[in-house]
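> Provided below for reference: sequence and predicted model.
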Amino acid sequence: MARTIAIFVITFGISLLLGPAGALSQKNTPDIKQKAEQGDAEAQFMMGISYKTGLAGMIAGTGAKVDYKEALKWFTKAAEQGDGRACNEIGLIYANGWDVRKDPKEAFKWFHESAKHGIAPGMNNLGRLYELGYGTRKNFGEAFKWYRKAAEAGHAEAQVNLGTMYLKGLGVTEDRKQALDWYRKAAEKGNAEAKKKMELLK
């Protein structure tokens, strides 16, 4: 299952780049924490990101120590208020077993919830679970469906995954042209894997 872990770590990196962690600073963290404690879902999500990345420790002067348990606490609070991004982050924690027992079914549940909220990384991760049969029964048709939704939302990794589904004829009729088109879209966003795949298909 090492391949599965690697896949989700890559998604983690992407979600971090898209997350609002950069909005946290030593100056405004107390305000954000207060808002989070008062029930503000956005602030709760930001607190989760800060603990997931170690930024909370850096700001506090205790070093960049990642605290997934504290991150999970805040992500759960935000998810309970309908934050789809937080649902995706919870899915990542359970999929990778970050300071919790690895739980494929729990990961599937949270990625599915994230996907229902239209969160592109969540849709891509759900597609990956269906493709691999991780936490659910393998279903290439469902994998294709969710990859496509995420790809159409502009998610580069999903565009690569969708291209591969077309290339291999998984959940869809094999179509080399469609595969190249989706690889090209991802490559235009700077995705290195997509560029490699295009080179191999020349």
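Received the coordinates, thanks. Numbers count the residues shown, from 1 in each chain.

> next one: the helix or strand hosting Arg85 to chain centre, how far?
Counting by DSSP states H and E, the element that carries Arg85 is helix 84-96. The gap between the average C-alpha position of helix 84-96 and the chain average comes to 7 Å, counting by CA atoms, centre = their mean, to the nearest Å.

> next one: stretch 79-89
Using CA atoms, centre = their mean, the offset of stretch 79-89 from its chain centre is 12 Å.

> also stretch 95-102?
15 Å.

> then it to CSV, C-alphas only?
Provided in CSV are the C-alpha atoms of stretch 95-102 (Å, rounded to 0.1, in the frame of the first residue of the first chain):
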residue,chain,number,x,y,z
ALA,A,95,-5.7,7.8,4.5
ASN,A,96,-2.1,8.3,5.6
GLY,A,97,-2.4,7.4,9.2
TRP,A,98,-0.9,10.6,10.4
ASP,A,99,-1.0,10.2,14.3
VAL,A,100,-4.2,8.1,13.9
ARG,A,101,-4.8,4.5,13.0
LYS,A,102,-4.9,4.3,9.2
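
> return the helix or strand harbouring Ala179 as PDB; C-alpha atoms alone will do.
Using DSSP H and E, Ala179 maps to helix 176-188. Output of helix 176-188 as PDB, limited to C-alpha atoms (Å, rounded to 0.1, in the frame of the first residue of the first chain):
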ATOM      1  CA  ARG A 176      -5.500   8.600 -26.900                       C
ATOM      2  CA  LYS A 177      -6.500  12.100 -28.200                       C
ATOM      3  CA  GLN A 178      -8.500  12.800 -25.100                       C
ATOM      4  CA  ALA A 179      -5.600  11.600 -22.900                       C
ATOM      5  CA  LEU A 180      -3.200  14.000 -24.600                       C
ATOM      6  CA  ASP A 181      -5.700  16.800 -24.300                       C
ATOM      7  CA  TRP A 182      -6.000  16.300 -20.600                       C
ATOM      8  CA  TYR A 183      -2.300  15.900 -20.100                       C
ATOM      9  CA  ARG A 184      -1.800  19.100 -22.000                       C
ATOM     10  CA  LYS A 185      -4.200  21.000 -19.800                       C
ATOM     11  CA  ALA A 186      -2.200  19.800 -16.700                       C
ATOM     12  CA  ALA A 187       1.100  20.500 -18.300                       C
ATOM     13  CA  GLU A 188       0.000  24.100 -19.000                       C
END
